[in-house]
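*Asks:* I'll drop the sequence and a predicted model, then ask my questions.
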Amino acid sequence: MKIEINKMSVSDLDLIAEKLYEEFDDLWNYNVFKSELESENSKYIVAKQNDEIIGYAGIWIAIDIAHITNIVVKKDMRRTGIGSLLLQELINMCKELKILEITLEVNEHNSNAISLYKKFGFEQVGLRKKYYRNQDNAIIMTIDFKRDKAV
């Protein structure tokens, strides 16, 4: 299975617009996504297989800190390593941009995502109560590249 990771464009978003809710997750609507792609502080990538978008991921950047906004894989392609590829590419981008720290929130019930982030060196640093739909808590995780440089 050959997967290509590329910068996401508005035309990529147009390709998945109708599938955002059924094949991915109910995260953001088209207009929110489009404004993210147009922001100079946001960077988004897509995973493609045979020209079909099977996943996407993004970060917000504020000076030397990045925040992962989402890593989403098409529902029927989950648990195949695509999330790992997307996360690794985000980390590589951050290192190239001299980012010192990456943070994210993850639903406390999403054990697969939590395991993925831990595998890449993210650590839990906090909790946001009732963050998701005013019900589920969000675990705040971070990876600190400053610490790596001190060793």
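*Replies:* Now that the structure is in, tell me what you want to look at.
*Asks:* For stretch 54-63, buried residues please.
*Replies:* Neighbour-count burial for stretch 54-63, counted by 16 or more other CB atoms under 10 Å, picks out 54-59, 61. C-betas here are computed from N, CA, C, even on glycine.
*Asks:* Compile the residues you listed into JSON lines and extend it with columns for secondary structure, distance to Asp12 and pLDDT.
*Replies:* Below are the buried residues of stretch 54-63 laid out as JSON lines (DSSP: H, G, I helix; E, B strand; the rest coil; distance: CB to CB, whole Å; pLDDT from 0 to 100):
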{"residue": "Ile54", "secondary structure": "strand", "distance to Asp12": "12", "pLDDT": "93"}
{"residue": "Gly55", "secondary structure": "strand", "distance to Asp12": "11", "pLDDT": "91"}
{"residue": "Tyr56", "secondary structure": "strand", "distance to Asp12": "8", "pLDDT": "91"}
{"residue": "Ala57", "secondary structure": "strand", "distance to Asp12": "12", "pLDDT": "93"}
{"residue": "Gly58", "secondary structure": "strand", "distance to Asp12": "12", "pLDDT": "93"}
{"residue": "Ile59", "secondary structure": "strand", "distance to Asp12": "16", "pLDDT": "97"}
{"residue": "Ile61", "secondary structure": "strand", "distance to Asp12": "20", "pLDDT": "96"}
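*Asks:* Please identify which pair of those residues lies farthest apart.
*Replies:* Greatest spatial distance in the buried residues of stretch 54-63: Ile54 and Ile61, 24.8 Å, computed using CB to CB.
*Asks:* What pLDDT is listed against Gly80?
*Replies:* No, residue 80 isn't Gly; it's Thr. Thr80 carries a pLDDT value of 91.
*Asks:* pretty sure it is in a strand, no?
*Replies:* No: read with DSSP: H, G, I helix; E, B strand; the rest coil, Thr80 is coil and lies in no strand.
*Asks:* That one: how many residues sit nearby?
*Replies:* 16 (other CB atoms under 10 Å).
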